[in-house]
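Engineer: Sequence and predicted structure below; questions after.
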Amino acid sequence: MAGLLEQAGYSPAAMSHESPPDRHIWIDGALVPWGDAVVHVLSHSHARGSLVFDYMSVHDTERGPAVFRLDDHLARFIHSTELVGLPLRQSAEDLRTACLAAVRANPGARVVKVQAYLPSVEIDVVPEDDHVAVAVAAFDPRADVVARKPGTPYRYRSSVRIWLEKERKQRRPDIMHPHAKVAANYTSPMVAKWRARQKGYDEILLVDEAGTLAEGPTTNFFLVDSAGTLRTPPEQSVLLGITRRSILELARHDGIPVEEVALRPEDLFAASEAFLTGTSAGVWPIDSVDGKALGSEVPGPVSTRLRDHFQRVTEGGDPAFAHWLTHTDEG
Ligand code: PMP
């Protein structure tokens, strides 16, 4: 018999968007249809923000689909579960097998999202049932989600207008470490970014306790100073972005001087170029901060060079970095 919600025309999946046909999500060893991949509204992860995740890109190459830096993403994912204290049962090898199986089962996937969560309905902050479920979704965010939400604008600009969020010091290792990719770490940036959006900005930049620049809500941050040195905040107050690491490695390879160093707002305003990096964003040029234009051209020459090299690498076009791609026939 149909439940009350179904009688009223709702299904859990239909509440936010129409399920894409033929998509399957790997959950604890089984591939389940997209619309059945649900948890209870009172589950611990939902109620307490304890879900840990990672997000990686999939690229078409001559040898078929390949995941970008799969092992590095999985190492970060496992580290996040350790920082949060989730008892994960799967090894890195198990997770690797699951990710490749999910990509094979979902042709045309552009990303892989791996999640560890406590599906149990819990009353207390500390769960009685600490079973950690793992879900791996391989899909195309635009075709499978954005296009299936009627009326959703696709917000993408080739460069971004930034608001510097100075009031709230968002990156605090003493509360929840910035290295943990856990849902709870996104709530405070969400509040700040939502406010900034209402004022007409696209993105925000977060500062740490000392007021030094840290990162965006889902991106890392770089600037190029007037001497042409590429500078990014040091590791302690940011998520260890895989794109951040890749850009640092590519810059060193290409002979661009690099510094991981504390940066102040005035360094940003004096920069000749600045950009954000992330799995979804790639290299994303910043064109203004708090309404003030940055540099003389956007994207600037260093940003353009790194953006293009990074893109070539992700598509398998640079043999020197071919080892960053894992093909689905490897596992
Ligand atoms: N910082 C935060 C807080 C993020 O959520 C992300 C997205 N994973 C990034 C930086 C960029 O990391 P990556 O390059 O691995 O996508």
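Structural biologist: On my side now, so go ahead. Here the structure is a predicted model, which is why all the values come from computation and not from measurement.
Engineer: Give me the three-state assignment for the nearest residue to Ala293 once chain neighbours are set aside.
Structural biologist: Spatial nearest neighbour of Ala293, excluding adjacent residues (CB to CB, 6 or more residues apart in numbering): Asp287 at 6.7 Å. Glycine gets a C-beta too; all of them are placed from N, C-alpha and C. Following DSSP: H, G, I helix; E, B strand; the rest coil, we place Asp287 in the strand state.
Engineer: Okay, domains of the protein per the record?
Structural biologist: Taking automatic domain parsing as the reference, the chain has its domains at 18-148, 160-319.
Engineer: Mind naming the longest strand for this structure?
Structural biologist: strand 160-171 (DSSP state E).
Engineer: List just the one of the domains of the chain that sits closest to the ligand.
Structural biologist: Ranking the domains of the chain by proximity to the ligand (CB to the nearest ligand atom) places domain 160-319 first, at 3.0 Å.
Engineer: Pull up the distance across the closest one, start to finish.
Structural biologist: When the termini of domain 160-319 are compared using CA to CA, to the nearest Å, they are 31 Å apart.
Engineer: can I assume Ile131 is in contact with Val121?
Structural biologist: Not quite, residue 131 is His, not Ile. No: assessed by CB atoms under 8 Å, His131 is found out of contact with Val121, at 11.9 Å.
Engineer: which regions of the stretch 101-250 of the chain sit below the pLDDT cut-off?
Structural biologist: Within the stretch 101-250 of the chain, the stretches with pLDDT under 70 are 152-156.
Engineer: okay, His131 and Val121: which has more neighbours?
Structural biologist: Neighbours per residue, other CB atoms under 10 Å: of His131 and Val121, the larger number sits with Val121, 16 against 12.
Engineer: ok, that one - contacts?
Structural biologist: 40, 42-44 (CB atoms under 8 Å, 6 or more residues apart in numbering).
Engineer: Measure how buried Gly200 is and give me the count.
Structural biologist: Gly200: 9 surrounding residues under other CB under 10 Å.
Engineer: That one - nearest residue in space that isn't next to it in sequence?
Structural biologist: Setting aside the residues directly before and after it, Gly200 is nearest to Arg161 in space (CB to CB, 6+ apart), at 7.3 Å.
Engineer: show me where the protein has helices.
Structural biologist: In the chain, the helices defined using DSSP state H lie at 4-7, 44-48, 70-84, 92-105, 187-198, 242-253, 265-269, 301-314.
Engineer: what's the residue nearest to Ile27 when sequence neighbours are not counted in contact with, if anything?
Structural biologist: Of all residues not flanking Ile27 in the chain, Ala135 sits nearest, at 4.8 Å (CB to CB, 6+ apart). Taking CB under 8 Å, 6+ apart, we find Ala135 in contact with 25-28, 37, 114-115, 117.
Engineer: Quick check: bridge partners of Ala135?
Structural biologist: Ile27, Gln115 (DSSP bridges).
Engineer: about what we covered before: now rank the contacts of Val121 by neighbours and give me the top one.
Structural biologist: Highest neighbour count within those, by other CB under 10 Å: His44, with 25 neighbours.
Engineer: list the contacts for that one?
Structural biologist: Shown in contact with His44 (CB under 8 Å, 6+ apart): 50, 117-122, 127.
Engineer: With Pro301 instead?
Structural biologist: Taking CB under 8 Å, 6+ apart as the contact definition, Pro301 lies against Glu273.
Engineer: Residues of the chain that sit close to the ligand?
Structural biologist: Remark: the part of the chain in contact with the ligand comprises 55, 181, 215, 218-220, 239, 241-244, 277-279, using CB under 6 Å from any ligand atom.
Engineer: now with 5 Å?
Structural biologist: 215, 218, 220, 239, 241-243, 278-279 (CB under 5 Å from any ligand atom).
Engineer: Which of these fall in strands?
Structural biologist: Short answer: the residues of the chain next to the ligand in strands (DSSP E) are 220, 278.
Engineer: Neighbour count for the residues of the chain next to the ligand - can I get that in JSON lines?
Structural biologist: Shown next, in JSON lines, are the residues of the chain next to the ligand (neighbours: other CB atoms under 10 Å):
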{"residue": "Glu215", "neighbour count": "26"}
{"residue": "Thr218", "neighbour count": "18"}
{"residue": "Asn220", "neighbour count": "24"}
{"residue": "Leu239", "neighbour count": "24"}
{"residue": "Gly241", "neighbour count": "23"}
{"residue": "Ile242", "neighbour count": "24"}
{"residue": "Thr243", "neighbour count": "23"}
{"residue": "Gly278", "neighbour count": "21"}
{"residue": "Thr279", "neighbour count": "21"}
